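In: Below are the sequence and a predicted model for it; my questions follow.
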There are 2 protein chains.
Amino acid sequence: MITQLESARQGILTSEMKAIAGQEGLDETFILDHVAKGEIVIPCNPNRKYQKTVGIGTGLRTKVNASIGTSSDICDIGLEVEKARAAEEECADTLMELSAAGDMDKIRRTVLDSTNLPVGNVPLYQAFKETIQKHRNPAKLDPEYLFDLMEQQLADGLSFMAIHCGINQYAIDRLRKQGFRYGGLASKGGTFMVAWMDINQRENPLYEQFDRVCRLMKKYDAVLSLGNGIRAGAIHDSHDRAQMAEMIINCELAEIGREMGCQTMVEGPGHVPLDEIEGNIMLEKRMSGNAPYYVLGPIPCDTGAGYDHISAAIGAASSARFGADLVCYITPAEHLALPDVHDVREGVRATRLAVRIGDLAKYPDRRDTEKQAALARRDMRWEDLSRHLLFPDIAEAVRSARAPEEKQTCTMCGDFCAMKKGMELFETDIKEKR
Amino acid sequence: MITQLESARQGILTSEMKAIAGQEGLDETFILDHVAKGEIVIPCNPNRKYQKTVGIGTGLRTKVNASIGTSSDICDIGLEVEKARAAEEECADTLMELSAAGDMDKIRRTVLDSTNLPVGNVPLYQAFKETIQKHRNPAKLDPEYLFDLMEQQLADGLSFMAIHCGINQYAIDRLRKQGFRYGGLASKGGTFMVAWMDINQRENPLYEQFDRVCRLMKKYDAVLSLGNGIRAGAIHDSHDRAQMAEMIINCELAEIGREMGCQTMVEGPGHVPLDEIEGNIMLEKRMSGNAPYYVLGPIPCDTGAGYDHISAAIGAASSARFGADLVCYITPAEHLALPDVHDVREGVRATRLAVRIGDLAKYPDRRDTEKQAALARRDMRWEDLSRHLLFPDIAEAVRSARAPEEKQTCTMCGDFCAMKKGMELFETDIKEKR
């Protein structure tokens, strides 16, 4: 068993690489070259019976991840299956199963059986929750049990894992030395690992034994996503020294992982003001040698709760534009409650729209769908227009619920339609395509 | 009667300027200076009994406009009143009454009586609709009737008007010469004026008699918004030569209007890809001598119908960041149907959030609300947090509908809360404020 990265380095074009070239309309050699460089990763655990092939990285459409999972307050396996299905129906590209309550093995397996999307997780959740259940103390987490658990989770068919390898004692010192954190700590896995390190006065085992993490991931050809454990949870913490210290290590580890033949990507924030997003992406690309970058929006404010899917969409359009490769959705429930099925749908839609807008700027030569949509709109070919829209069913429902008298137009302007009048005037003049 | 602009030039600080200084937390001399330079406008027709004072321009919070109005398909005065009230409840800053059907005088007056917001309109709508009703031909519009109608509308108390003065025969030649328009024509007033010019083979009377337009606006101290009649309705038309030809003239007219003592702003697009927004704002500011800029989002794609309030929010965050002063909302019904009350609310919310995010980047020294919100979130003071949020009622409703067992946390993570664990660890370390 060799990984996609190792195959590519040997010049072997896998069926997954071929599939990605086809999906993205790119040359197979482009995909091969960029997988070989570690700039494209393909989450694909062979233990999974069937899963959609998805490429993440340089030159590819920016992908959207939807996260689901239970909490101690709301723990319903049926609901998680519904959320997984809703995410897939809304065209998310990947799914993270982030349960932190209930029978976590059963939930993971049930979700894996319910979706065709590549599924990832954060192994520290189950590790710490089970340790707390057993010992009433997360500091009792046994690193050997953690590695065993990761292997068991991978054996179930997970294709990627966010693992908090980059937090070390040095980064925690930076946090203490800077003396502030307006948004506290926002990463569950990261914070519990920091607590473990602090109480035990030991180095992070995922950092110390990074080669072991990589070997485990390689065994299943899963993608290692280097978790952002001390990411900013407030724009005032964005790019603080603590976060940057971890980012440096995550980028260093991305290089080491890549050299070991392990498919690797780096995880980013979090909360970032709009004017810092470009710099954030630049730093990740520069320091990691263009490892794929997986960001959580970012969210460019702290006051949008209830509409943070829109805050994050604003951040995501910029992050995609400047080079983010995979964007985790944020739902309207963010900062407030566990998302429900409606939230999952809204979150995926907002994020898909955001990365579309970002990709139009990232790849200015890939705007043909917009052109076809514009022409169809101009010429009032509504059915053709529908085929180019991101949300054709929703658009059609809005239009037909308020149907116009004249079929060509819509109720926005009724008989006072600029499009129609404009085409009467200029039909022959403006039909050229440049 | 002298205008705010003329007062400021004479060094007279009006009560409106004082109010704006108070609202925005800025020095009165700053407001006075910038009104004098024409960089801040204040829509305030003295014929209006009472209206909220709103400043638009340099150094001020970016403002949000909500547009309402009937169409031939959906024409219900009660609905328009409801929409006006919803926009005000959601904290829009200004309102445009854009009816193009029904008894337009009555609708305008009823809406003016139903809201405290400054109200604007596009006088060409009523002018063309009534001409069509009378003569079945918009080319029969009599310029004298148009000027009379504008005066009558202003006398009713409108505080700003979007008037399509910048379209001239030269710009129409540029449209014909370039030979393409993927999105056709998107402005109703603009397109019908172009038709009038084309059929009558005459220059635009609003351009030819621009001094008369300014005198009329000055008489009521209303703000002249120079309408963007050939704005791009598709990203492939963004910054085409036709649109730029009109922008040059609108910026020229902004300077002439300002010199005449008329409060003036320039209207922008429309559809603009994300990577062209900064340049668009720069051009308007540069060519007009920093006249306030009023943009419609912009919308950075052509395929988001059904979710174009989010497309436009993505554009608006960037336009606000780079210097737009007033942003017209886009609702989820855009491109599909006349907005209903729900759409109005969603549109205002998305736009308020977008300009907040833009303003955090435009004014990096004005981030204190975010800081207070972050600290309240970190310290799990939910009631304090609520006071800083843009949508406190909505956030509270989401949280309480899925209430956590433990009051300090939320159901997102339940007992596995990073914030709580982080504060246990670092409470004394990270309490500094820098």
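Out: Arrived safely, thanks for sending.
In: Count the neighbours of the residue of the stretch 1-150 of chain A found nearest chain B for me.
Out: Distances between the stretch 1-150 of chain A and chain B by C-beta to the nearest C-beta are smallest at A:Ser72, namely 3.3 Å. (Glycine included, C-beta is placed from N, CA and C.) Counted with other C-beta atoms under 10 Å in any protein chain shown, residues neighbouring A:Ser72 total 20.
In: I figured it was touching B:Met412, is that so?
Out: No: here A:Ser72 does not reach B:Met412: they are 10.6 Å apart, not a contact under C-beta atoms under 8 Å.
In: what's the single longest strand in chain A?
Out: strand A:63-68 (DSSP state E).
In: Check which helices and strands that one sits against.
Out: Secondary-structure packing of strand A:63-68 (3 or more C-beta pairs under 8 Å, 6 or more residues apart in numbering or on different chains; DSSP states H and E): helix A:77-89, strand A:94-97, strand A:326-328, helix A:341-362.
In: Could you find the closest non-adjacent residue to the residue of the stretch 1-150 of chain A closest to chain B?
Out: The spatial neighbour of A:Ser72 that comes closest, neighbours along the chain excluded (C-beta to C-beta, 6 or more residues apart in numbering or on different chains), is B:Gly414 at 3.3 Å.
In: now do A:Ser318
Out: A:Ser318's closest residue in space is A:Ile277 (C-beta to C-beta, 6+ apart), at 4.3 Å.
In: who's in contact with that neighbour?
Out: Taking C-beta atoms under 8 Å, 6 or more residues apart in numbering or on different chains as the criterion, A:Ile277 is in contact with A:298, A:300, A:315, A:318-319, A:322.
In: in what helix or strand does it lie?
Out: Here A:Ile277, judged by DSSP states H and E, is contained in helix A:277-288.
In: List the buried residues of that helix.
Out: Neighbour counts over helix A:277-288 (16 or more other C-beta atoms under 10 Å in any protein chain shown) mark A:277, A:280-281, A:283-285, A:287-288 as buried.
In: Stretch A:124-144 now?
Out: A:124-129, A:131-132, A:138-139, A:141, A:143.
In: A:Arg231: how many residues sit nearby?
Out: The number of residues packed near A:Arg231 is 26, by other C-beta under 10 Å.
In: Dump stretch A:63-76 to CSV, restricted to CA.
Out: Provided in CSV are the C-alpha atoms of stretch A:63-76 (Å, rounded to 0.1, in the frame of the first residue of the first chain):
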residue,chain,number,x,y,z
LYS,A,63,-13.9,22.7,-1.6
VAL,A,64,-16.5,23.0,1.1
ASN,A,65,-16.5,20.9,4.3
ALA,A,66,-19.6,20.4,6.5
SER,A,67,-19.2,19.4,10.1
ILE,A,68,-21.7,17.5,12.1
GLY,A,69,-21.7,15.7,15.4
THR,A,70,-23.4,15.2,18.8
SER,A,71,-22.8,17.2,22.0
SER,A,72,-23.7,16.2,25.5
ASP,A,73,-26.8,18.4,25.3
ILE,A,74,-28.1,17.1,21.9
CYS,A,75,-27.1,13.6,21.2
ASP,A,76,-29.3,11.8,18.5
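In: returning to what we had before: so which of the helices and strands packed on strand A:63-68 is the most packed in?
Out: Neighbour counts (mean count of other C-beta atoms under 10 Å in any protein chain shown) averaged over each of the helices and strands packed on strand A:63-68 peak at strand A:326-328, with a mean of 28.
In: So for it, mean pLDDT?
Out: Averaging pLDDT along strand A:326-328 yields 98.
In: contacts for it?
Out: Contacts of strand A:326-328 (C-beta under 8 Å, 6+ apart): A:56, A:62-67, A:93-94, A:96, A:265, A:292-297, A:316, A:319-320, A:351, A:354-355.
In: Just give me how far that strand sits from the chain centre.
Out: Taking C-alpha atoms, centre = their mean, to the nearest Å, the mean C-alpha location of strand A:326-328 is offset from the chain mean by 2 Å.
In: quick one: strands adjacent to it?
Out: Paired neighbours of strand A:326-328 in the sheet (DSSP bridges): strand A:63-68 (parallel), strand A:293-295 (parallel).
In: Show me the helices in the stretch 201-350 of chain A, by range?
Out: A:205-208, A:210-219, A:241-259, A:277-288, A:308-322, A:341-362 (DSSP state H, counting those that start in this stretch).
In: Just put the ones you listed in TSV and tack on mean pLDDT.
Out: Formatted as TSV, those follow (pLDDT from 0 to 100):
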stretch	mean pLDDT
helix A:205-208	98
helix A:210-219	98
helix A:241-259	97
helix A:277-288	98
helix A:308-322	98
helix A:341-362	98
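In: could I get the ones you listed as JSON lines with distance to B:Ala86?
Out: Converted to JSON lines, these look like this (distance: least, C-beta to C-beta, whole Å):
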{"stretch": "helix A:205-208", "distance to B:Ala86": "51"}
{"stretch": "helix A:210-219", "distance to B:Ala86": "52"}
{"stretch": "helix A:241-259", "distance to B:Ala86": "41"}
{"stretch": "helix A:277-288", "distance to B:Ala86": "33"}
{"stretch": "helix A:308-322", "distance to B:Ala86": "18"}
{"stretch": "helix A:341-362", "distance to B:Ala86": "21"}
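In: of those helices, which approaches A:Leu390 most closely?
Out: helix A:341-362 (6.0 Å; C-beta to C-beta).
In: which helices and strands sit right next to the closest one?
Out: Judged by 3+ C-beta pairs under 8 Å, 6+ apart, the packing partners of helix A:341-362 are strand A:63-68, helix A:77-89, helix A:308-322, strand A:326-328, helix B:308-322.
In: and the angle for the helix holding A:Ile277 with helix A:308-322?
Out: Between helix A:277-288 and helix A:308-322, the angle formed by their directions is 50 degrees, by axes from the mean of the first three to the mean of the last three C-alpha atoms, to 10 degrees.
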